[in-house]
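# build me a structure from this.
(4 chains)
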Protein chains: 2
Amino acid sequence: MTTTHRPPTLEDVARAAGVSRATASRVIAGTGYASAAARERVTVAADLLGYAPNPAARALVRGTGVRLVVAVTGTAPTVLDDPYVHRVLGACARVCAPYGLGVALHWLPTRAPGEVRRLAEDRSVGGIILINTTETVLDAVPVGLRGRVASIGIGSALVPAFDVDNGGGTEAVVRHLYASGRRRIAMVTGPRWLSCAGRSVGAYRRVVRDAALPVRLVPGDFSADRGRAAAREVLARWPDTDAIVGSSDATALGVIDGLRGDGVQVPGDVAVTGFDDIPLAAMTTPALTTATHPVTQIASAAATAVLDGRPVPPATMFPSRLVRRVSG
Amino acid sequence: MTTTHRPPTLEDVARAAGVSRATASRVIAGTGYASAAARERVTVAADLLGYAPNPAARALVRGTGVRLVVAVTGTAPTVLDDPYVHRVLGACARVCAPYGLGVALHWLPTRAPGEVRRLAEDRSVGGIILINTTETVLDAVPVGLRGRVASIGIGSALVPAFDVDNGGGTEAVVRHLYASGRRRIAMVTGPRWLSCAGRSVGAYRRVVRDAALPVRLVPGDFSADRGRAAAREVLARWPDTDAIVGSSDATALGVIDGLRGDGVQVPGDVAVTGFDDIPLAAMTTPALTTATHPVTQIASAAATAVLDGRPVPPATMFPSRLVRRVSG
DNA sequence: CTGAAAGCGCTAACAA
DNA sequence: TTGTTAGCGCTTTCAG
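From the prediction side, this is the model:
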């Protein structure tokens, strides 16, 4: 007689432990009363059978959803191809694993901030992590989502924020540049619509103003291509620039490439710094001076907040540390 | 009177369309008979109400699982931190989205190939994508998983394989090196336990042998650190080497860095090539000559195969194309 | 071709 | 403290 190898259900565990399904449920889910004896017997039976609760069934009855959605705001669905987004997704996946939850990727069009409502209504969505979000999107988050949503970037009264202290990181970078003798420091900013990028610009302005240096800002978008173009703009507008602060490592690499195309030496003529400390920042020539960005930590904290459901502070900032290498 | 804004269920759709829940189910799921009239009315009602099936309920009744697991074989859970893995995860997430499925990340210890059985028994697992898998793991895949599992890398009779044609890519690279006059070409291999990396080594051996050049192999592991060390080993054992083929871009970058530490010019003294064509390969100095690796395409194809459940060929290879830049 | 009915595996009142 | 009961939203026989 061949027994089909069927995964054990709660029913099996209950029977093996000699209790009712309800009691077994209470001890497995860790909710409600149960005598020490019952607890013991159920626990033993469960790991004897190798029991694991079926997340789908659980989600169905609790109305709790079965996946954590990473929702990325942007003008086109290509924002989902970004390595940064993938890293966040990976970190979320690791946090979700013990809960039996999956993760999903969703594009939130900048033009249609109401889209977030549809996500909230989807019963299979257990929680939402917002990335690169805007005030407009934040305003569209329904109150019913309270406690099941977090933002990596800016937050709101309803949505707790988790982010790198890019103001602090940028400040450290610019101060370092000043300390090493640079006096005409330009910056390639992040995208304007991304308010959290504004903190870096603010920090740059502050340091530069305090030192009575000129403010030299050129818009960027975190990409290398834009960095390359921006480098030329900077040189065209302010030929005596002796340092360029990139708002991402990709930007900085682009800047270096653009500069080199014009025969400018880095860091000899112009120092260049990045932000993020991607793994390759240490391997390029010249090795990139930058500031750290603990993406995994941040994403894990955000995901944990959503899954735990415990109250969290409205904003949690993760420190960014200067990494001195060769480029600046 | 405030109506709680509850997402519509199939029941709601059925009522609105004036049919039974069963009929509504048939047309929504696209399975079983339904008159044109019924089909029409249900469809209209569904998108009038903005109905979306609840994946958890569906998974529960069909026993079909609610997430696609990306299972990475390796000696330590840190393999889950690899950007390559994250990219695969991202691609899978995009394929899963329309199915309402989530994705999950799982470490499959090299030492415990049987672990894959536990995954197979988990009712919440809808399918499995194997990464960096070994024959041992492949052998442990239970037959019950047929059609719900695919491998990125090597496959088996049970598990269809999806991979880059790294043999072809490597051949193109080595031929290019030869054509540009290099005659003493060394290679830093991928990890030995990863059999699909062997195809690159095979291709290298073949080209080199056909040209009557010496075989110079040094073991690597795809990492930049190992590349750096390997460069020195190569130089120590065969000082007249004039080209080094890296089996990944990270390796190549490490090799370049190691070479530079010894005052060797790239590509002047020694040409260096990579594999993967990561975005940054174009930005480094010197820009990296490499071969493409369509990771997203591969992962999407694998995920699609698992979710569709349609029969697929035992192995699907994706072409790798030479990208000539400066380093080699 | 359609509807009634029976669950999928689990949790949450409610009694006992 | 425990068991009984009633579903969560959906699919799927099985009769009509």
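
# quickly note the distance from residue A:136 to DNA strand D.
Distance, residue A:136 to DNA strand D, using Cβ to the nearest atom of the strand, to the nearest Å: 30 Å. From N, CA and C alone the C-beta is placed, and that goes for glycine too.

# does the helix or strand where that residue lies reach chain B?
Secondary structure assignment for residue A:136, by DSSP states H and E: helix A:135-140. No: for helix A:135-140, no contact with chain B is found by Cβ under 8 Å from any Cβ of the partner chain; the gap never falls below 14.4 Å.

# ok, now stretch A:233-249?
No: judged by Cβ under 8 Å from any Cβ, stretch A:233-249 stays clear of chain B, getting no closer than 8.9 Å.

# pull that stretch out as PDB, backbone CA atoms only.
The C-alpha coordinates for stretch A:233-249 follow below in PDB (Å, rounded to 0.1, in the frame of the first residue of the first chain):
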ATOM      1  CA  GLU A 233      28.200  71.300 -17.800                       C
ATOM      2  CA  VAL A 234      30.000  72.100 -14.600                       C
ATOM      3  CA  LEU A 235      33.300  72.600 -16.500                       C
ATOM      4  CA  ALA A 236      31.600  74.800 -19.100                       C
ATOM      5  CA  ARG A 237      29.900  77.100 -16.500                       C
ATOM      6  CA  TRP A 238      32.600  77.100 -13.900                       C
ATOM      7  CA  PRO A 239      35.900  76.200 -15.400                       C
ATOM      8  CA  ASP A 240      37.900  76.700 -12.200                       C
ATOM      9  CA  THR A 241      35.900  74.000 -10.300                       C
ATOM     10  CA  ASP A 242      38.200  71.700  -8.300                       C
ATOM     11  CA  ALA A 243      35.800  69.200  -6.900                       C
ATOM     12  CA  ILE A 244      32.500  67.600  -7.900                       C
ATOM     13  CA  VAL A 245      30.200  65.800  -5.500                       C
ATOM     14  CA  GLY A 246      28.100  63.100  -7.100                       C
ATOM     15  CA  SER A 247      24.900  62.100  -5.400                       C
ATOM     16  CA  SER A 248      25.400  58.400  -6.200                       C
ATOM     17  CA  ASP A 249      28.400  56.300  -7.100                       C
END
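
# can you tell me the closest non-neighbouring residue to the closest residue to chain B within the stretch 101-250 of chain A?
When distances are taken as Cβ to the nearest Cβ, the stretch 101-250 of chain A reaches nearest to chain B at residue A:102, 1.8 Å away. Of all residues not flanking residue A:102 in the chain, residue B:102 sits nearest, at 1.8 Å (Cβ to Cβ, 6 or more residues apart in numbering or on different chains).

# contact partners for residue A:51?
Residues counted as contacts of residue A:51 (Cβ atoms under 8 Å, 6 or more residues apart in numbering or on different chains) are A:8-10, A:12-13, A:28, A:45.

# can you give me the strands in chain A?
For chain A, the strands defined by DSSP state E cover A:67-74, A:102-109, A:125-131, A:149-152, A:161-164, A:185-188, A:216-218, A:243-246, A:271-273, A:290-291, A:315-318, A:322-323.

# just these: most buried one?
By mean neighbour count, with neighbours taken as mean count of other Cβ atoms under 10 Å in any protein chain shown, strand A:243-246 ranks first of the strands of chain A at a mean of 31.

# now for that one, which elements pack on it?
helix A:166-179, strand A:185-188, helix A:224-237, helix A:249-261, strand A:271-273 (3 or more Cβ pairs under 8 Å, 6 or more residues apart in numbering or on different chains; DSSP states H and E).

# pLDDT wise, what is the residue of the stretch 101-250 of chain A with the smallest separation from DNA strand C at?
Closest residue of the stretch 101-250 of chain A to DNA strand C, Cβ to the nearest atom of the strand: residue A:123 (12.8 Å). Residue A:123 is assigned a predicted lDDT (pLDDT) of 88.

# and what of residue A:196?
Turning to residue A:196, the model gives it a pLDDT of 83.

# now, which of the contacts of residue A:51 lie close to DNA strand C?
A:9-10, A:28 (Cβ under 7 Å from any atom of the strand).

# shaky segments in chain A?
When residues are selected by pLDDT under 70, those of chain A lie in A:1-5.

# now do 80
Filtered on pLDDT under 80, chain A yields the residue ranges A:1-6, A:32.

# which one of the ones next to DNA strand C among the contacts of residue A:51 is nearest to chain B?
Distance to chain B across those (Cβ to the nearest Cβ) is lowest for residue A:9, with 8.7 Å.

# tally of neighbours for the closest one?
Residues lying near residue A:9 (other Cβ atoms under 10 Å in any protein chain shown) number 17.

# returning to that earlier point: surely the residue of the stretch 101-250 of chain A closest to chain B touches residue B:101?
Yes: counting by Cβ atoms under 8 Å, residue B:101 is a contact partner of residue A:102 at 6.6 Å.

# who are the packing partners of the longest helix anywhere in chain A?
Longest helix in chain A, counting residues (DSSP state H): helix A:195-210. Packed against helix A:195-210 by the contact rule (3+ Cβ pairs under 8 Å, 6+ apart) you find helix A:166-179, strand A:185-188.

# quick one: it to helix A:166-179, angle?
Interaxial angle of helix A:195-210 relative to helix A:166-179 (axes from the mean of the first three to the mean of the last three Cα atoms, to 10 degrees): 30 degrees.

# report the buried residues of helix A:195-210.
Buried positions in helix A:195-210, judged by neighbour count with 16 or more other Cβ atoms under 10 Å in any protein chain shown: A:196-201, A:203-204, A:207-208.

# let me have the residues you listed in TSV, extended by distance to residue A:221.
As requested, these are exported to TSV (distance: Cβ to Cβ, whole Å):
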residue	distance to residue A:221
A:196	14
A:197	9
A:198	14
A:199	17
A:200	13
A:201	14
A:203	19
A:204	17
A:207	23
A:208	22
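
# can you tell me which of these lies closest to residue B:77?
Nearest to residue B:77 among these is residue A:196, at 30.7 Å by Cβ to Cβ.

# residue A:235 touches residue A:260, doesn't it?
No: judged on Cβ under 8 Å, residue A:235 makes no contact with residue A:260 at a distance of 11.9 Å.

# the more surrounded of the two?
Taking neighbours as other Cβ under 10 Å, residue A:235 and residue A:260 compare with residue A:235 leading, 19 against 14.

# residue contacts, the more buried one?
Neighbours of residue A:235 in contact, by Cβ under 8 Å, 6+ apart: A:241, A:259, A:262, A:264.

# repeat that for 6 Å
If you count contacts by Cβ atoms under 6 Å, 6 or more residues apart in numbering or on different chains, residue A:235 has none.

# can you list the residues of the stretch 1-150 of chain A near chain B?
A:7, A:54-57, A:59-60, A:66-67, A:86-87, A:89-90, A:93, A:100, A:102-105, A:121, A:123-124 (Cβ under 6 Å from any Cβ of the partner chain).

# distance to DNA strand C for the helices and strands packed on strand A:243-246 - can I get that in CSV?
Shown next, in CSV, are the helices and strands packed on strand A:243-246 (distance: least, Cβ to the nearest atom of the strand, whole Å):
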stretch, distance to DNA strand C
helix A:166-179, 40
strand A:185-188, 51
helix A:224-237, 48
helix A:249-261, 44
strand A:271-273, 51
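
# let's have these in a markdown table, adding distance to residue A:131.
Shown next, in a markdown table, are the helices and strands packed on strand A:243-246 (distance: least, Cβ to Cβ, whole Å):
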| stretch | distance to residue A:131 |
| --- | --- |
| helix A:166-179 | 15 |
| strand A:185-188 | 21 |
| helix A:224-237 | 19 |
| helix A:249-261 | 17 |
| strand A:271-273 | 24 |
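
# how about the residues of chain A near DNA strand D?
Taking Cβ under 7 Å from any atom of the strand as the measure of proximity, chain A contacts DNA strand D at A:19-23, A:26, A:32-35, A:37-38, A:57, A:60-61, A:63, A:123.

# that concludes my questions; thank you for your assistance.
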